[in-house]
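[1] Here is my input, please return the structure:
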Amino acid sequence: MPAEITLPVHVRVGDHIEARFGDITVQLADGGVPLSGVRTQLAAFLREAADVLENPSEDDDEQEEVPDAPADR
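    The predicted structure is shown next:
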């Protein structure tokens, strides 16, 4: 079984705090992480995220309460 590494995907819009959208998993090759593998997995992840944003399910239309971000110190 080939080794793999899981990388978190964080997104930040403007000066707001970043949010973790999920993770991508890439197969290790020759002891390293191939850039092409990261690009392929990240592109697929972002396409799926865009699809969810453009075509929300009926459950997504419900208002969710979002906790306030901690104040900068």
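[2] can you tell me the helix or strand for residue 17?
    Using DSSP states H and E, residue 17 sits within no helix or strand.
[3] For it, what are phi and psi?
    Dihedral pair for residue 17: phi -70, psi 150, per degrees, to the nearest 10.
[4] change the start of the numbering to 24 and stick with it
    Let's use 24 as the start, then, which means that last one is residue 40.
[5] State the distance from it to residue 70.
    According to Cβ to Cβ, to the nearest Å, residue 40 and residue 70 sit 24 Å apart. Every residue, glycine included, has its C-beta placed from N, CA and C.
[6] Let me see the ranges of the helices in this structure.
    Per DSSP state H, the chain carries helices over the ranges 58-77.
[7] which intervals of it have sub-threshold pLDDT?
    24, 54, 83-96 (pLDDT under 70).
[8] can we see that at 90?
    Scanning the chain for pLDDT under 90 picks out 24-28, 36, 49-61, 75-76, 79-96.
[9] since we're on the spatially closest residue to residue 34 that is not a sequence neighbour, how many residues are nearby?
    Of all residues not flanking residue 34 in the chain, residue 44 sits nearest, at 5.3 Å (Cβ to Cβ, 6 or more residues apart in numbering). For residue 44, the neighbour count with other Cβ atoms under 10 Å is 15.
[10] just residue 49 next, same as before
    Look at residue 49: counted by other Cβ under 10 Å, it has 19 neighbours.
[11] right, and it touches residue 61 too?
    Yes: using Cβ atoms under 8 Å, residue 49 is in contact with residue 61, at 5.5 Å.
[12] Name the residues contacting each of these two.
    residue 30 (Cβ atoms under 8 Å, 6 or more residues apart in numbering).
[13] wait, what's in contact with the residue nearest to residue 34?
    Going by Cβ under 8 Å, 6+ apart, residue 44 touches 32, 33, 34, 68, 72.
[14] What separation is there between it and residue 55?
    In terms of Cβ to Cβ, residue 44 sits 25 Å off from residue 55.
[15] Then residue 78?
    From residue 78 to residue 55 the distance is 37 Å (Cβ to Cβ).
[16] Over to residue 38?
    On the measure of Cβ to Cβ, residue 38 and residue 55 end up 34 Å apart.
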